[in-house]
Structures are given as C-alpha cells and as structure tokens.
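Visitor: Have a look at this prediction, sequence included:
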Amino acid sequence: MTDPHDPLLIWGAGAMGGTIGGVLARAGHAVRFVDRDGAHVAALNRDGLRVTGPQAEFTVPADAVTPSALTGRYGRMLLCVKAHHTEEAIREAALFLTDDGWVASIQNGLNEPVIAAEVGAARTIGAFVNFGADVLEPGVVHWGGRGAVVVGELDGRSTERVRALHDLLRIFEPNAVLTDTIFGYLWSKLAYGALLFVTALTDDPIADALADRQHRPVYVAIAREVCRVAHAEGIPLQAFDGFDPAAFAPDASLATAHASLDALVSFNRRSAKTHSGIWRDLAVRRRRTEVDAQLGPVAGAGRRLGVPTPVVDAVITQIHEIEAGARRQERANVDVLVAVVGGTPDREERP
C-alpha cells in the first residue's frame, strides 16, 4: 500500500517539477528530486531550491539526486520532463516505482499513453497544468504566473489515490480541479499549445503576438484544426484560463473565437512569464522543442481520421527550421502562415 508519508518523487526538477516541489517542500511534505543536470542537482543540495517571482519568494532545503544515484522504490511519482523525453525517462523511472505505486504526468502533450505503455494504465494518473515557470539558473526557478491545474484517472473514476493527489496539488494551486474527463483538458491544452508554437515563431511576448490583429486568422485557424481533430476523436474538450474550445468548434462564429483569444491575451498579460517555454528553448537554450511530441500527434491523428491540418503541418516545419538554424524567429514567419490560411478563416467580419 502506498504510504503518503514516504517522499514524493519528482522526476525532473525543472520549471514545473521545481516549482510544485518547492511549494510542497515549504508546506512540510517530503520531496525527493531527480534530475539529469548535475549542476542543478549540486546547487539544490548545496543551497536549497530557490523559488522566485511574483507568486512567491522563498528558499527551501532540497533533497536531489541524479538518476544514477537514486535508490529505493517510491509509491508516488510526478514525471516532469519535456514531452519528447517521456519514453526514455519513464523507462528509467519505472525501475523505482512500487508495484502498487502511481505516476502522474506533469507535462505538456499526450504523455499518459506513453507512460501507461511502460508502467501500465493502472499505475498512471492523468494531469494537466498551465502555470508559468522557468529555470533561471541551477537551483533557481521563476514562478511567473498561476494557471489551471487538473488531475484525473484515465478512465474517469474517482479513486482514493487521485483524490489524495488532488488534495496535495491544492497546496500548490488552491483552485486545482479533479476531473472525470482528463483527456478533454489535455486535448484543449494541445490546441492552446498550438497557439503558443505560433507565438514562438516570433520574438514577441505571448500576449502581444496573440493580440496582433494581422495574424489573428492564423491563430483562429490552427486552434480550429486541433479542435476538429479532437472532435473527430470524440474528445469532450474543456475550457481553462480563457481558452474556450467551443469558440473554435466547426459551428462557432468568428466573433466567439476572437473573444477567446482576447481572454487569452488578458490571461497572459497578468503573468510575469512573458514568453513560452517553446520560445525559450529556441531563443535562449538553443535546443529542440516539444513540437513533435505535442503537434505531431495532432497531425498524425488528423491524417488517420481524414481531418486536414495544413497550418499545424506548416508550423511544425517552421519550428524544425528554427531548431536547425535555417530560419529566424520573426513576424515574417506568421505572415507566411497567413498565406497558408488564405486570409480570414471564413467570411465573417470581426465586430
């Protein structure tokens, strides 16, 4: 039986794992961090974990190890790595999971099936997060803004363990939601994530990019593409933080789509995290993004279901070109996408 007093294992002490783990540690919960970055692990053990930003300022002692130094088995695990590292990470992490333990995906994308393929669906819990955070330097994470936190069993059941995880995450986010439709949230985040990939094609802050009226047709079109694929999959999409999937449904008016985008502009203007993690991967860290792990499954499902995704496909291509150093991050990239869309998404005029 999983012991709630045993340490919570957080695999990946970056923006998401570091912020959540820091808040839980400050509240007195036993947390053990696992991270591949030796400098980050050393700083955590030496100086503690520092959380900074408008949401909180504190430093807590941290217990951190690299995967090769980890010992023991754990009944509760948060997987907090980049989506494209999921398969490798869960294969390694599974060795330390108890037979009756569980793993929750605190990530972007549809990682639950990947996790379940390794540890079994019975040991996998779905989760969705939308708060803003970044790693500033080894041992330091910046908590820029609050956002939705949702958990749910993959089959929608209300179990003792998912209720316990919900209670735990409410320490971090008091408005955390316990849902019976976790995939509805995950697919909605894919649609919002598609918007963020478009903003990362530029050097503009998220809010400014989403507010750009010249480029609005692209944002409307890509959100509609993802939502059409989700509808074809039979996914009951869920709203969060200003993103209203109903506004991008096939029968929704263009005015409602603009209203949802305006709400997202307002949401992002309230955050001290001005740019997405995607932008940071490209502009600051100069590394591969999660585009294949997030938008790739959307494009693949679209092909399987006969739902065209030309804007998603074009964004994937442009992100790959930026990753390879063959394209710069600039507004001209979105101008190209306007041509792909063909101007306005339909004949309605914005009021």
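Guide: Structure received. Since we're looking at a predicted model, the values are computed, not measured. Numbers count the residues shown, from 1 in each chain.
Visitor: CA only for contacts and neighbour counts going forward, please
Guide: Will do.
Visitor: what's the helix or strand hosting Cys227 packed up against?
Guide: Following DSSP states H and E, one finds Cys227 within helix 216-233. Contacts defined by 3 or more Cα pairs under 8 Å, 6 or more residues apart in numbering; DSSP states H and E place helix 216-233 against helix 182-199, helix 254-269, helix 291-305, helix 310-323, helix 332-341.
Visitor: residues of it that come out buried?
Guide: 216-230 (16 or more other Cα atoms under 10 Å).
Visitor: Neighbours of the residue nearest to Asn268 when sequence neighbours are not counted, how many?
Guide: Leaving aside its sequence neighbours, Asn268 sits nearest to Ala207 (Cα to Cα, 6 or more residues apart in numbering; 5.5 Å). Neighbours of Ala207 under the rule other Cα atoms under 10 Å: 22.
Visitor: For Ala207, give me phi and psi.
Guide: Main-chain dihedrals, Ala207, degrees, to the nearest 10: phi -60, psi -40.
Visitor: ok, now which ones touch it?
Guide: 264-266, 268-269, 274 (Cα atoms under 8 Å, 6 or more residues apart in numbering).
Visitor: ok, so of those residues, who is nearest Asp134?
Guide: Thr274 (10.7 Å; Cα to Cα).
Visitor: Give me the pLDDT value at the closest one.
Guide: Model confidence at Thr274, given as pLDDT, is 96.
Visitor: so who does the most centrally placed residue in the chain touch?
Guide: In the chain, the C-alpha nearest the mean C-alpha coordinate belongs to Asn108, at 2.8 Å (Cα atoms, centre = their mean). Going by Cα under 8 Å, 6+ apart, Asn108 touches 82-83, 128-129, 189-190, 294.
Visitor: repeat that with 10 Å
Guide: Contact analysis of Asn108 by Cα atoms under 10 Å, 6 or more residues apart in numbering lists 80-84, 127-130, 186, 189-190, 193, 290, 293-294.
Visitor: Same check on Val150?
Guide: 106, 126-130, 166, 169-170, 173, 175-179, 181-182, 185-186, 240.
Visitor: Tell me where this structure is predicted with low confidence.
Guide: Applying pLDDT under 70 to the chain flags residues 1-5, 343-351.
Visitor: ranges for the strands of it?
Guide: For the chain, the strands defined by DSSP state E cover 8-11, 31-34, 49-52, 58-60, 64-65, 74-79, 97-105, 124-129, 132-137, 140-145, 149-153, 177-178.
Visitor: Verify the stated contact: Pro245 with Ala223.
Guide: Yes. Taking Cα atoms under 10 Å as the definition, Pro245 is a contact partner of Ala223 at 8.2 Å.
Visitor: joint contacts of those two?
Guide: Residues within reach of Pro245 and of Ala223 at once, by Cα under 10 Å, 6+ apart, are 188, 191-192, 257.
Visitor: do you know how far Ala164 is from Ala15?
Guide: Ala164 sits 23 Å away from Ala15, going by Cα to Cα, to the nearest Å.
Visitor: Which one of those two is surrounded by more residues?
Guide: The neighbour count for Ala164 versus Ala15, taken as other Cα under 10 Å, is higher for Ala15 (23 against 12).
Visitor: so what's that one up against?
Guide: Taking Cα under 10 Å, 6+ apart, we find Ala15 in contact with 21, 51, 80-81, 131-136, 140-143, 277.
Visitor: cool, and Leu136?
Guide: Leu136 neighbours (Cα under 10 Å, 6+ apart): 14-15, 51-52, 142.
Visitor: mind putting the residues you listed in a markdown table, distance to Asp100 included?
Guide: Formatted as a markdown table, these follow (distance: Cα to Cα, whole Å):
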| residue | distance to Asp100 |
| --- | --- |
| Gly14 | 26 |
| Ala15 | 28 |
| Val51 | 32 |
| Thr52 | 36 |
| His142 | 34 |
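Visitor: Alright, calling it a day.
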